[in-house]
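Q: Using only what follows, build the 3D model:
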Amino acid sequence: QDTIAAKHDLSQSGLLFVSFIDASAASIDMAVVRALRRLTARFMLRNADDCEICNGMSFRILCDAQGLGTPDDFCRKVILPVGVEAESLVMNAIVPALGISLRVAILDRGGASGLCFE
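A: Residues are numbered from 1 along each chain as shown. Predicted coordinates for the structure are as follows:
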């Protein structure tokens, strides 16, 4: 992969391209994660002021109310970087971006904890 990466642009688009042409399972998994992150960020930014998506509140208002800055700040700090947990507003954006229903199970490794569905 190093020789492939050296031949291509190392921007986000370039890394995504390299991930897709590397046939290893781990690389393809990361390519899918990157693609979903980019798709979600693009959806959030294009719909930042749409109040219908989040049941009467826009992504801009939700980001501000939660102290996350603007939707652009949120995408740059939380959605786009690989290795950052994609939580909170990401779930509000990825569902309509993909046009799917989603159920998230949060597993706590503590012995007394139950299973929580959101």
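Q: contacting residues for residue 79?
A: If you count contacts by CB atoms under 8 Å, 6 or more residues apart in numbering, residue 79 has them with 37, 40-41, 44, 86, 90, 93. (Each C-beta comes from the backbone N, C-alpha and C, glycine too.)
Q: ok, now residue 37?
A: Counting by CB under 8 Å, 6+ apart, residue 37 has contacts 79-80, 82, 86.
Q: Also residue 63?
A: Per CB under 8 Å, 6+ apart, neighbours of residue 63: 69-71, 73-74, 89.
Q: what does the model give it for pLDDT?
A: Residue 63 is assigned a predicted lDDT (pLDDT) of 93.
Q: which regions of this structure sit below the pLDDT cut-off?
A: Residues of the chain meeting the criterion pLDDT under 70: 1-28, 106-118.
Q: quick revisit: list buried members of the contacts of residue 63 by neighbour count.
A: Taking 16 or more other CB atoms under 10 Å as the criterion, what is buried in these is 71, 74, 89.
Q: roughly how far apart are the spatially closest residue to residue 87 that is not a sequence neighbour and residue 100?
A: Residue nearest to residue 87 in three dimensions, not counting chain neighbours: residue 78, with 8.0 Å by CB to CB, 6 or more residues apart in numbering. In this structure, residue 78 and residue 100 are 21 Å apart, going by CB to CB, to the nearest Å.
Q: more crowded one of those two?
A: Legend: neighbour count by other CB atoms under 10 Å for residue 78 and residue 100, higher for residue 78 (20 against 8).
Q: wait, doesn't that one sit right on residue 72?
A: No. Here residue 78 lies out of contact with residue 72, judged by CB atoms under 8 Å, at a distance of 11.3 Å.
Q: show me the residues around the residue nearest to residue 87 that make contact.
A: Neighbouring residues of residue 78 by CB under 8 Å, 6+ apart: 68, 84, 86-90.
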